[in-house]
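> Take this sequence and fold it.
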Amino acid sequence: MVLNYVWAGFFIIAIVVALIKCFIFQDTQIFELLVSGVFDSAKTGFEISLALTGVMTLFLGILKIGEEAGAIRLLSRIIGPFFRKLFPEIPENHPALGQMIMNFSANMLNLDNAATPFGLKAMESLQELNPSKDTASNSQIMFLVLQTSGLTLIPINIMTYRASMGAADPSDIFMPILISTYFATLISLIFVMIKQKINIWDRTILLWLSGLTAAIALLIGYLSTLSQQEVETFSKIYSNLILIAVIVSFIVGGLIKKIDVFDTFITGAKEGFQVAVKIIPYLVGMLVAISMLRNSGVLDFFTDSLAWVIGSLGFDTQFVDALPVAIMRPLSGSGARGLMIEAMENYGPDSFLGKLVCIFQGTTDTTFYVVALYFGSVGVTKVRYAIQYGLLADFVGVVAAILMAYMFFL
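Below you'll find the model as predicted:
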């Protein structure tokens, strides 16, 4: 129901603003801009689904081999104790646990194309356990909120963009992103656990969260001793090496278990094509609504108003010009990426704003896109509190990003 109101609200707000701009401010081109944006977004939604087809076909095929070979069960046994505390509705050794682990691992390495198929497969498995098929379960909401918190260990894509824009040190946003995204994940996780009445003080949960915090601290400490080029090399080599290692280990494991790896791959790959086709209407609907909101000028009005309020209170307003990226990020990944590149072009990649927009891009995630994609793929229409808590994760990430930018770069 929330998604229903949000989707309709985007259209209504956009039309109201467009009417005001047309009849009061005499902007005669506003409706032409809205209509062209609608068609462009519809085309983009289809193209995204089409582009996902090949990737999903590949990785769901590989994932199927991993399932048959027992790799997913092995991962579930290792991380299962922690995940079973976070997802008490999931039975022990259920495939959804391993699939979520694969999804989170790919996300943390910034391997978006690999993460999506694993995530969609995990959502499908969670839907099998869902007693009310049109309503999001607690496990599905926990999974979605952890997705939208955008935990990233190695933001290689953003460093690549910075390098292409001529940044003197493309990796200087690495630690601010890592710290910001970790806080976003940790705080959103705690809030969802409170909402779902999960015992935060459970010994297993405390041990895992303490261990993860220590591991991230050690990684930050090690990478801080490397040069910019060494950090980039480390990121490129190990993120891709881990991905290739997963693929090869699944195939080798299948051969050891004496399963027909190619036929198993084909079986899983067919599911990828079916899911890609199924999500087209959901993506098109959400992207068109976001386009209306963006092209009507609502986002510009919001940031201008916010700058006035913050300035009136006597606070520094340097960060406000970067906020369009933070606002756009939950709505559209490609839109936020475009605004990030535009900001680096206008202000310079080594400016405070040029660095802040990159931290925003690496810390938050496309909440509405993720909700539409993942819930749409399994036919869930009542998302309950998933959007509110997903946006909470984004908000925490934005606040942390601003604080980190001031700490590191001013």
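
> what comes up buried for the helix or strand encompassing Ala18?
Using DSSP states H and E, Ala18 sits within helix 2-23. Buried residues in helix 2-23, counted by 16 or more other CB atoms under 10 Å: 3, 6-7, 10, 14, 17-18, 21. All C-beta spots, glycine's among them, are computed from the backbone N, C-alpha and C.

> Lowest-confidence one in those residues?
Lowest pLDDT among these: Leu3, with 60.

> ok, now which ones touch the nearest residue in space to Gly397 that is not next to it in sequence?
The shortest distance from Gly397 to any non-neighbouring residue, by CB to CB, 6 or more residues apart in numbering, is to Ala184 (3.5 Å). Residues near Ala184 by CB atoms under 8 Å, 6 or more residues apart in numbering: 149-151, 363-364, 393-394, 396-397, 400.

> Check these for burial and list the buried ones.
149-151, 363-364, 393-394, 396-397, 400.

> Surely Phe301 and Val16 touch.
No: applying CB atoms under 8 Å, one finds Phe301 not in contact with Val16, separated by 11.5 Å.

> list residues touching both of the two?
With contacts taken as CB under 8 Å, 6+ apart, Phe301 and Val16 have no neighbour in common.

> Quickly note the distance from the residue nearest to Gly397 to Gly119.
18 Å (CB to CB, to the nearest Å).

> again with Gln318
Gln318 sits 36 Å away from Gly119, taking CB to CB as the criterion.

> which one of the two has more residues nearby?
Using other CB atoms under 10 Å, the more surrounded residue of Gln318 and Gly119 is Gly119, with 24 against 15.

> give me the element that one is part of.
helix 112-129.

> helices or strands next to that helix in the packing?
helix 30-69, helix 95-108, helix 138-148, helix 261-278, helix 367-378 (3 or more CB pairs under 8 Å, 6 or more residues apart in numbering; DSSP states H and E).

> so how far is that helix from its chain's centroid?
In terms of CA atoms, centre = their mean, to the nearest Å, the centre of helix 112-129 is set 13 Å apart from its chain centre.

> What's the mean pLDDT across it?
pLDDT averaged over helix 112-129 gives 82.

> and what of stretch 60-69?
82.

> just checking, Leu331 touches Val298?
No: using CB under 8 Å, Leu331 is not in contact with Val298; the gap is 10.6 Å.

> The two: which has the busier surroundings?
Higher neighbour count among Leu331 and Val298: Leu331, with 21 against 18, using other CB under 10 Å.

> His94 versus Arg77, what's the distance?
Taken as CB to CB, the span from Arg77 to His94 is 12 Å.

> which of those two has more neighbours?
His94 (21 against 14).

> Now that one, what are its backbone angles?
Main-chain dihedrals, His94, degrees, to the nearest 10: phi -70, psi 140.

> Look at the most centrally placed residue in the chain and report its pLDDT.
Centroid-nearest residue in the chain, with CA atoms, centre = their mean: Asp365, separated by 3.7 Å. Looking at Asp365, its pLDDT stands at 81.

> now what about stretch 223-234, what contacts it?
Contacts for stretch 223-234 (CB under 8 Å, 6+ apart): 156, 159, 163, 169-172, 174-175.

> among those, which two are most distant?
Across those, no pair lies farther apart than Ala163 and Met175, at 17.0 Å, counting by CB to CB.

> Show me where the stretch 301-410 of the chain has its strands.
Secondary structure of the stretch 301-410 of the chain (DSSP state E, counting those that start in this stretch): no strands located.

> where in it is pLDDT low?
334-335 (pLDDT under 70).

> All the helices of it, residue numbers only.
Under the criterion DSSP state H, counting those that start in this stretch, helices of the stretch 301-410 of the chain are mapped to 323-328, 333-347, 352-363, 367-378, 386-409.

> To Ile266, which of the ones you listed lies closest?
helix 367-378 (20.7 Å).

> relative to helix 138-148, how tilted is that closest one?
Helix 367-378 and helix 138-148 meet at an angle of 140 degrees, taking axes from the mean of the first three to the mean of the last three CA atoms, to 10 degrees as the criterion.

> Show residues contacting helix 367-378.
3, 6, 116, 119-120, 123-124, 126-127, 133, 136, 140, 143-144, 147-148, 275, 278-279, 281-283, 285-287, 290, 330-333, 381, 383, 386-387, 390-391, 393-394.

> which of those residues are buried?
3, 6, 116, 119-120, 123-124, 126-127, 136, 140, 143-144, 147-148, 275, 279, 282-283, 285-287, 290, 330-333, 383, 386-387, 390-391, 393-394.

> Go through the helices and strands packed on helix 112-129 and pick out the most buried.
Among the helices and strands packed on helix 112-129, helix 138-148 has the highest mean neighbour count (mean count of other CB atoms under 10 Å), at a mean of 25.

> quick revisit: let's have the buried ones among the contacts of Ala184 in CSV, adding distance to Ala106.
Converted to CSV, those look like this (distance: CB to CB, whole Å):
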residue, distance to Ala106
Ser149, 15
Gly150, 13
Leu151, 11
Thr363, 18
Thr364, 18
Ala393, 18
Asp394, 20
Val396, 22
Gly397, 19
Ala400, 23
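
> quick one, phi/psi of Thr135?
phi -120, psi 130.

> Now do the contacts for it.
Shown in contact with Thr135 (CB under 8 Å, 6+ apart): 380-382, 384.

> from the residues you listed, which two are the most distant?
Those two in the contacts of Thr135 that are separated most widely, counting by CB to CB, are Thr381 and Arg384, at 10.8 Å.

> who touches the nearest residue to Ile327 once chain neighbours are set aside in this structure?
Excluding the flanking residues, the one nearest Ile327 by CB to CB, 6+ apart is Leu299, at 5.5 Å. Contacts for Leu299 (CB under 8 Å, 6+ apart) come out as 293, 324, 327-328.

> What is the nearest of those to Ala405?
Pro324 (15.3 Å).
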